[in-house]
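Participant: could you look at this predicted model? Sequence included:
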Amino acid sequence: MSLLEVENLKVYYPIRGGILGQVHNYVKAVDGISFSIEDGKTLGLVGESGSGKSTTGKAVIGLAKITAGQIRYQGEDITNYVGKNRSPYRRGVQMIFQDAYSSLNPKKRVIDIVAEPIRNFEHLTSKQERKRVEELLDIVGLAPENVLKYPHEFSGGQRQRIGIARALALRPKLIIADEPVSALDLSVQAQVLNFMKDIQQHFNLAFLFISHDLGVVEHMCSDIAIMHKGRFVEVGSKNQIYHQPLHIYTKRLIAAIPNKNPSMREEMQRVRERVAMEYSLKRNQYYTKENRVYDLKKISDNHYVALP
Amino acid sequence: MAEKELLRISNLVASFSINGGYYAAVDGVSLQINENEVFAIVGESGCGKSALALSILNLHNKANTKIEGSIYFKGRDILSLGLEELNKIRGRDIGMIFQDPLTALNPLMIIGAQIEESLFYHTGMNIGERKKRSLELLTQVGIQSPELTYHQFPHELSGGMRQRAMIAIALSCKPSLVIADEPTTALDVTIQAQILDLLRRLQKEMKSGIILITHDLGVVAEMADRVAVMYAGQIVETADVNEIFSNPLHPYTKSLFASMPDAYRNARKDQRLPVIEGMVPSLLNMERRGCRFAPRIPWISDAAHEAVPQYHEVKPGHLVLCSCYKNFYLKSIPRRVSSSTLR
């Protein structure tokens, strides 16, 4: 039994038009994806902007309305349960947001921000609560004296760590991290990534790691799903995705990563030209007539590719 | 290879007035850019790279900025020019590509009119010629249907298309120097690859110099000929691109390169990235004496630093600030979560 199983998840947004505002079409943000996450593992969800990766994260945690599909948490179907407060699911699954500036309430002090989930689920005296918050701050590497400060007094990396402390407050089993480091500088990014790995080991946390940065995903995730047009085009281990990509979209994406070795410049250019050529010639083989991504097909043990 | 010098900046200091005092964001930068060369300036946010770029075109708000030093563009001191003279250079001889095309483009003007604007000011073209040239430029930057895009507003275009339109504006008068401030930061990787490819191709065609400002080392490796690394308002290391990637010397450069996760390099066994302790000092509380990186590498003894850091020429063209690079080594940072916090 996996920690989280998502089956055929669909999130459609209606497009309304005309005088009566009738629904005449849908934006298929997420269009039938299935995946599962095991305890303590990281699944990387990669895609370009508009691919539906953030919507997937939001749907799993209950911030986006699910059109169809099923979500099971520890074997229990929670698809229609998500909206209800105080369920074990709400405790067990937490989220880290991309923008640490807008995800922390500027009018609240750190203690109120971090303690909010605790107040929702546990009844602690203010002394116990303060102690818990100080512990959490210690875990994320912030001094306990910071509890009475406001978010604007911190740098970007520190804010992101406050967000992580808040996500850790209820000892969750799964954290959905939506582009957790893309707003951060390189050196700060390294701090946050290391730290996420540490807490993963210590609390046996599972991550759904959503990112567009293929370098970061390579560092963080053992399994990767590539998303395009609301569907998975390729799912596999890190090695399979980076070294034996089979879908043309994955190939393009991998070839587009800037190579950090200047002497490889010409070679990369040749690879890119080859992939671009292949893309223009064989594109039709990888998409249906309606320009939809095919269903996933099993290639090897844990390597799935969307092929006809 | 004797390259022709395009831009020479000597001892540039750009300071901003904050609460009555002036604080230098760019502090004594000297560099030289040749024709037909891509010169990358790398650094984290707050290290002064954008402030440097804006100083070259004197785009800072005059009321609260003080710029000292000298900037020679093709032998002319552009800091001493009046506004009228300067406006003749802006857009015509020096083009600028901004980071966020949505804020840099005028939302109320169609793309075509925005490209024609600089043609109107800098060339003697009539309406017909201007339109023809704009369409030509749009085709050049790889826009599929230039006629359609010409009449569109910025909000009707995707991010990649907007950035292409920006590049078309910057290149409209065939400038000999292009300043690109984080040109691909807001874009997806596949679009980024296309834009970089486009810049590379146009640069080869027009033989102009490019100042590429970025924090993305991958972009630097793909594009640059020479690289300068900035930290706290100073250039801490300059070298050509192969040299700096194979032999980074300054502690900051070394730490920065080590802390980048890389899809092409095999992951380290322990799966931990070396990090730089602390953070980039803010303008207000920056120590302006001695080696500015010293507080972030406390395990290196004070004796290793110079009291007044000098540039050391390690190899021809490879300059490193301060002598501390000789004794520097990367330190692994202990785990943040100790087992005692586990319950």
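Facilitator: That came in fine, so what should we check first?

Participant: near chain A, which residues of the stretch 51-200 of chain B?
Facilitator: The interface of the stretch 51-200 of chain B toward chain A, taken as C-beta under 8 Å from any C-beta of the partner chain, is made up of B:G159, B:D188, B:V189, B:T190, B:I191, B:Q192, B:A193, B:L196, B:D197. (Glycine included, C-beta is placed from N, CA and C.)

Participant: quick one: the strands in chain A?
Facilitator: A:4-17, A:22-37, A:42-46, A:68-73, A:76-77, A:93-96, A:174-178, A:206-211, A:223-228, A:231-237, A:296-300, A:303-306 (DSSP state E).

Participant: wait, isn't A:I96 in contact with A:A167?
Facilitator: Yes - when contacts are counted by C-beta atoms under 8 Å, A:I96 is listed as touching A:A167 (5.2 Å).

Participant: any shared contact partners between the two?
Facilitator: Contact with both A:I96 and A:A167 is made by residues A:I175, according to C-beta atoms under 8 Å, 6 or more residues apart in numbering or on different chains.

Participant: and the closest residue to chain A within the stretch 151-300 of chain B, what is it in contact with?
Facilitator: Closest contact between the stretch 151-300 of chain B and chain A, by C-beta to the nearest C-beta, is at B:G218 (2.8 Å). The contact partners of B:G218, taken as C-beta under 8 Å, 6+ apart, are A:G215, A:I257, A:P258, A:N259, A:K260.

Participant: need the pLDDT of it.
Facilitator: Predicted confidence (pLDDT) at B:G218: the value is 88.

Participant: any chance of the contacts of B:G218 in a markdown table, plus neighbour count?
Facilitator: As requested, these are exported to a markdown table (neighbours: other C-beta atoms under 10 Å in any protein chain shown):
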| residue | neighbour count |
| --- | --- |
| A:G215 | 22 |
| A:I257 | 22 |
| A:P258 | 25 |
| A:N259 | 20 |
| A:K260 | 22 |
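
Participant: gap between the residue nearest to B:N36 when sequence neighbours are not counted and B:V38?
Facilitator: Once flanking residues are discounted, B:N36 sits nearest to B:K207: 4.6 Å by C-beta to C-beta, 6 or more residues apart in numbering or on different chains. To B:V38, B:K207 is 12 Å away according to C-beta to C-beta, to the nearest Å.

Participant: when these two are compared, which one has more neighbours?
Facilitator: B:V38 (23 against 11; other C-beta atoms under 10 Å in any protein chain shown).

Participant: mind pulling the model confidence for the more buried one?
Facilitator: Value for B:V38, per-residue pLDDT: 93.

Participant: correct me, but it touches B:D225?
Facilitator: Yes - when contacts are counted by C-beta under 8 Å, B:V38 is listed as touching B:D225 (4.9 Å).

Participant: contact partners for residue 17?
Facilitator: This is for chain A. By C-beta under 8 Å, 6+ apart, the neighbours of A:G17 are A:H24.

Participant: chain B was what I was after
Facilitator: B:Y23, B:N64, B:T65, B:K66 are the contacts of B:S17 under C-beta under 8 Å, 6+ apart.

Participant: roughly how far out does the host helix or strand of it sit from the chain middle?
Facilitator: Per DSSP states H and E: B:S17 is located in strand B:5-18. Computed by C-alpha atoms, centre = their mean, to the nearest Å, the chain-centroid distance of strand B:5-18 equals 14 Å.

Participant: how about that strand as PDB, C-alpha atoms only?
Facilitator: Taking Å, rounded to 0.1, in the frame of the first residue of the first chain, the C-alpha atoms of strand B:5-18 are listed here in PDB:
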ATOM      1  CA  GLU B   5      38.000  47.800 -27.500                       C
ATOM      2  CA  LEU B   6      34.400  48.700 -27.300                       C
ATOM      3  CA  LEU B   7      33.700  49.700 -23.700                       C
ATOM      4  CA  ARG B   8      36.100  50.500 -20.900                       C
ATOM      5  CA  ILE B   9      34.900  51.000 -17.400                       C
ATOM      6  CA  SER B  10      37.400  52.200 -14.900                       C
ATOM      7  CA  ASN B  11      36.900  52.400 -11.200                       C
ATOM      8  CA  LEU B  12      33.200  52.800 -11.400                       C
ATOM      9  CA  VAL B  13      31.400  53.600  -8.200                       C
ATOM     10  CA  ALA B  14      27.600  53.800  -8.200                       C
ATOM     11  CA  SER B  15      26.100  54.800  -4.900                       C
ATOM     12  CA  PHE B  16      22.500  55.200  -3.800                       C
ATOM     13  CA  SER B  17      21.300  57.600  -1.200                       C
ATOM     14  CA  ILE B  18      19.600  55.800   1.600                       C
END
